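Undergrad: what would the 3D arrangement of this be:
(2 chains)
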There are 2 protein chains.
Amino acid sequence: MRFDTLNTPAALIDLDRMQRNIARMQSRMDALGVGFRPHVKTTKCREVAEAQIAAGARGITVSTLKEAEQFFDAGVRDIVYAVGMAPTKLAQALALRRKGCDLKIVADSVQTAEAIAAFGNAHGEVFDVWIEVDVDGHRSGIPPESGTLLDVGRALVSGGMRLGGVMAHAGSSYDYDTHDALVRIAEQERAGTVLAAERLRAAGLPCDVVSIGSTPTALTAEQLAGVTEVRAGVYVFFDLVMHNVGVCETSDIALSVLTTVIGHQTDKGWAIVDAGWMAMSRDRGTQRQKHDFGYGQVCTEQGEVIDGYVISGANQEHGIVSRNGEPDLAIAETFPIGTKLRILPNHACATGAQHPEYQAVSADGSVRTWPRFYGW
Amino acid sequence: MRFDTLNTPAALIDLDRMQRNIARMQSRMDALGVGFRPHVKTTKCREVAEAQIAAGARGITVSTLKEAEQFFDAGVRDIVYAVGMAPTKLAQALALRRKGCDLKIVADSVQTAEAIAAFGNAHGEVFDVWIEVDVDGHRSGIPPESGTLLDVGRALVSGGMRLGGVMAHAGSSYDYDTHDALVRIAEQERAGTVLAAERLRAAGLPCDVVSIGSTPTALTAEQLAGVTEVRAGVYVFFDLVMHNVGVCETSDIALSVLTTVIGHQTDKGWAIVDAGWMAMSRDRGTQRQKHDFGYGQVCTEQGEVIDGYVISGANQEHGIVSRNGEPDLAIAETFPIGTKLRILPNHACATGAQHPEYQAVSADGSVRTWPRFYGW
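TA: Below is the predicted model of the structure:
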């Protein structure tokens, strides 16, 4: 297929940018001396994961058991399901392990650890369980200095399960936008997770894996002593939120939505495009950041940023393109009906999820369609 | 399948509530003496549309040509594609009409009207085109008093196309929350669209259809003189935004997301559930309304509202349940790990779109799986 025959709206991957992003992260991980385990929830796309693995990634991280099933079917064996295990999902996890998947699951409470052990013992399965550590108070996990950490470790080991390691995710790194702050939160993530591992080991419990990561901290950490692997997801595409955080340029953003101008409200300086929130997602992640890009940054069909033009409003299948500040009253001439534009998204994970497939565009304009999956 | 064996997260339809919502809207339209054409973008589900048609709906409204294709394949012939026609999509529209679909398309500019006529003439097709009227300045369309209205009508008729009617959508009705304001915007929508029709007819142009609609205006309009049909979508499920607008009770909301408690942060009064923004969508439509429900209202597994508990934060596959005001420091006892909850969504169109299927639950607890489709 050729780029100029694509239907709109469509989710485009700029393959050159994607490969550059993959290489940048992998070479950073190699230099820091840690394994890299990409989080495939961003793309849910076999071809993207294969590119990450070809560049040196070891195993993957998933956010649903459906992702685990899909990527195991695609040949990936080493998988961490990085969301606290619901006891009701243990049968699904067991089925995957019985098929040969080296699936690791996560717990952050004694209750869940005991439920895993009870289910494992009832079915003759030794689950490989990682304990989730809370390094920044943003979501789940056990604080590294908490007594509960050892209680969970003991519940797993005494219950006959394999305590495989500890993991943390410094999600609060998304809230910062200076290099110094990111270095600080990266060190906090590293130090907290390593502390948790050391406390487990000092208590006589095993802890082989020390897994941390988020795109901002992975790209700014100065040293990762004691860490065995890093996880990150959105770096593969980047997005406007990551641009505002300060870890990429807009010219690094590999995901965009191709759209067509379908009308105007010239008095208001609006062009109406066929990318609404269904194509962009409802994610307004840049709203509280230093630069609010509305529902996305407008670029030319070829991907060059058109400074100051954003998707300022969105209905389900209508986007409103307007200029920041003074309205462009000649917008019907700036962007005539039929004009194609690319829109950079706030949040690549959310925007990708709106699309059944990516159109992967090479520098020569050729396009391959890469399916993605969704649901649970 | 039984309700108590459902995987989570899952999109539930309460069938009793859905049927009540369908009956309420249809009986209102019957009483007002107008046809009713539901907007199926809310559900993208054949079974739901069939229930709407069984209750008396005449034809459907769609927001994408893919919806038109899917519902035509399911046996619906009378379809309005209610988004301004992109000239690049005319071949797709032509293919549908050639298969026997009575597809109506929409224009709000002379340029688009001319493009439709040129394409139609080149392919020997008389497209049925409706002119979009702007009654409240919220998005697309031509103001009813504008000279452009007649120019577009003449471009269609002189170009050999069928000018089928006018249509408007008072999307700004979502911004109000009193009955009086809704009555006013409903009358503005009616009067503006009827004026446009009268101006076309006075100019010697045909205008059979006068189509208006939005869920809030459809449910509050006091009279619809001059209107031939009404379109509305979200009424079939309702949601928290519609609750804040004042056109439904929370006990009318037919769509919810079933979720499982997977952990706690007791010091903060948080329960962590497996419905994050991937299951709820990123829609925060109640944020600027009189009652902000976060990412959704928490209910029991059986659907009873648990007052004051909302999804206050969301990551991709994690939701944070907390109580408004003073934190519930006993939340681990209030909602133990494994507890199932239903979450009412901000915006049914956006939340439904995150799910490949609905679980349609009858009063007796039996469940049917109804697929929905997505993409373009």
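Undergrad: tell me how many other residues surround residue A:144.
TA: Look at residue A:144: counted by other Cβ atoms under 10 Å in any protein chain shown, it has 21 neighbours. Any C-beta I mention is one placed from the backbone N, CA and C, and that applies to glycine too.
Undergrad: contacts only, for it.
TA: A:133, A:134, A:135, A:192, A:193, A:195, A:196, A:199 (Cβ atoms under 8 Å, 6 or more residues apart in numbering or on different chains).
Undergrad: filter those down to the ones in helices?
TA: Within these, residues falling in helices by DSSP state H are A:192, A:193, A:195, A:196, A:199.
Undergrad: make sure the fourth one is actually in contact with residue A:131.
TA: Yes: in this structure, residue A:196 is within contact of residue A:131 by Cβ atoms under 8 Å, at 7.2 Å.
Undergrad: which residues are in contact with both of these two?
TA: With Cβ under 8 Å, 6+ apart, residue A:196 and residue A:131 have common neighbours A:142, A:149, A:166.
Undergrad: for the residue nearest to residue A:346 when sequence neighbours are not counted, grab the count of nearby residues.
TA: Closest residue to residue A:346 apart from its sequence neighbours, by Cβ to Cβ, 6 or more residues apart in numbering or on different chains: residue A:285 at 4.3 Å. Other residues near residue A:285 number 22, with proximity taken as other Cβ under 10 Å.
Undergrad: same question for residue A:234.
TA: 25.
Undergrad: just the one 4 residues further on next, same as before
TA: Under the neighbour criterion other Cβ under 10 Å, residue A:238 is assigned a count of 27.
Undergrad: checking it next. Helix, strand or coil?
TA: Under DSSP: H, G, I helix; E, B strand; the rest coil, the three-state class of residue A:238 is coil.
Undergrad: could you say which helix or strand contains residue A:358?
TA: Element membership for residue A:358, per DSSP states H and E: strand A:357-361.
Undergrad: same thing with residue A:96?
TA: Assigned by DSSP H and E, residue A:96 falls in helix A:90-98.
Undergrad: for the stretch 101-250 of chain A, what lies in contact range of chain B?
TA: Remark: the part of the stretch 101-250 of chain A in contact with chain B comprises A:108, A:109, A:111, A:112, A:115, A:134, A:137, A:139, A:140, A:171, using Cβ under 8 Å from any Cβ of the partner chain.
Undergrad: can you tell me the closest non-neighbouring residue to the third one?
TA: In space, not counting the residues next to it along the chain, residue A:111 is nearest to residue B:337; the distance is 5.0 Å by Cβ to Cβ, 6+ apart.
Undergrad: let me see the contact set for residue A:248.
TA: Residue A:248 neighbours (Cβ under 8 Å, 6+ apart): A:21, A:235, A:238, A:242.
Undergrad: same thing but at 10 Å, please
TA: A:17, A:21, A:24, A:215-216, A:219, A:234-235, A:237-242, A:254 (Cβ atoms under 10 Å, 6 or more residues apart in numbering or on different chains).
Undergrad: can you check residue A:323 too?
TA: A:269-271, A:298, A:306-310, A:312, A:329, A:331, A:334.
Undergrad: format those residues as TSV; extra columns: secondary structure, neighbour count and pLDDT.
TA: Output for the contacts of residue A:323, formatted as TSV (DSSP: H, G, I helix; E, B strand; the rest coil; neighbours: other Cβ atoms under 10 Å in any protein chain shown; pLDDT from 0 to 100):
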residue	secondary structure	neighbour count	pLDDT
A:269	coil	20	98
A:270	strand	24	98
A:271	strand	28	98
A:298	strand	26	98
A:306	strand	16	98
A:307	strand	10	97
A:308	strand	13	97
A:309	strand	23	98
A:310	strand	24	98
A:312	strand	19	98
A:329	coil	13	98
A:331	helix	21	98
A:334	helix	17	98
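Undergrad: nearest to chain B, of those residues?
TA: Taking Cβ to the nearest Cβ as the measure, chain B lies nearest residue A:270 of the contacts of residue A:323, at 8.7 Å.
Undergrad: ok, the closest one - contacts?
TA: Counting by Cβ under 10 Å, 6+ apart, residue A:270 has contacts A:263-264, A:312-313, A:319-323, A:327-328, A:331-332, A:335, B:139-140.
Undergrad: what is it paired to in the beta sheet?
TA: Beta-bridge partners for residue A:270, by DSSP bridges, are residue A:265.
Undergrad: nearest residue to the residue of the stretch 201-350 of chain A found nearest chain B other than its sequence neighbours?
TA: Going by Cβ to the nearest Cβ, chain B is nearest to residue A:282 of the stretch 201-350 of chain A, at 3.8 Å. The shortest distance from residue A:282 to any non-neighbouring residue, by Cβ to Cβ, 6+ apart, is to residue B:282 (3.8 Å).
Undergrad: the one you found - how many residues pack around it?
TA: 25.
Undergrad: and it, what's its pLDDT?
TA: Residue B:282 carries a pLDDT value of 98.
Undergrad: please apply the same query to the one 4 residues further on.
TA: We have a pLDDT of 98 for residue B:286.
Undergrad: over to residue A:3?
TA: 88.
Undergrad: pop out the phi and psi values for it.
TA: Phi and psi for residue A:3, reported as degrees, to the nearest 10, are phi -50, psi -40.
Undergrad: is it true that it touches residue A:359?
TA: Yes: under the criterion of Cβ atoms under 10 Å, residue A:3 makes contact with residue A:359 at 7.9 Å.
Undergrad: as CSV, could you dump the C-alpha coordinates of the helix or strand following the strand holding residue A:358?
TA: Going down the chain from strand A:357-361, the next helix or strand is strand A:367-371, by DSSP H and E. Extracted as CSV, the C-alpha positions of strand A:367-371 are listed here (Å, rounded to 0.1, in the frame of the first residue of the first chain):
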residue,chain,number,x,y,z
VAL,A,367,3.1,1.3,4.1
ARG,A,368,2.7,-2.0,6.0
THR,A,369,-0.5,-2.6,8.1
TRP,A,370,0.4,-3.9,11.5
PRO,A,371,-2.6,-5.2,13.5
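Undergrad: show me what strand A:367-371 packs onto, helices and strands only.
TA: With contacts taken as 3 or more Cβ pairs under 10 Å, 6 or more residues apart in numbering or on different chains; DSSP states H and E, strand A:367-371 sits against strand A:10-14, helix A:15-32, helix A:46-54, strand A:357-361.
Undergrad: re the thing from before, mind listing the shared neighbours of residue A:3 and residue A:359?
TA: A:10, A:12, A:258, A:367.
Undergrad: show me which pair in those residues is furthest apart.
TA: Pairwise distances across the shared contacts of residue A:3 and residue A:359 (Cβ to Cβ) peak at 10.4 Å, for the pair A:258 and A:367.
Undergrad: list the residues that contact both of those two?
TA: A:3, A:6, A:10, A:12, A:359, A:361.
Undergrad: export those as JSON lines, with columns for distance to residue A:344.
TA: As requested, the shared contacts of residue A:258 and residue A:367 are arranged in JSON lines below (distance: Cβ to Cβ, whole Å):
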{"residue": "A:3", "distance to residue A:344": "17"}
{"residue": "A:6", "distance to residue A:344": "17"}
{"residue": "A:10", "distance to residue A:344": "14"}
{"residue": "A:12", "distance to residue A:344": "10"}
{"residue": "A:359", "distance to residue A:344": "15"}
{"residue": "A:361", "distance to residue A:344": "14"}
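Undergrad: may I ask which of these has the most neighbours?
TA: In the shared contacts of residue A:258 and residue A:367, the most neighbours by other Cβ under 10 Å go to residue A:361, 27 neighbours.
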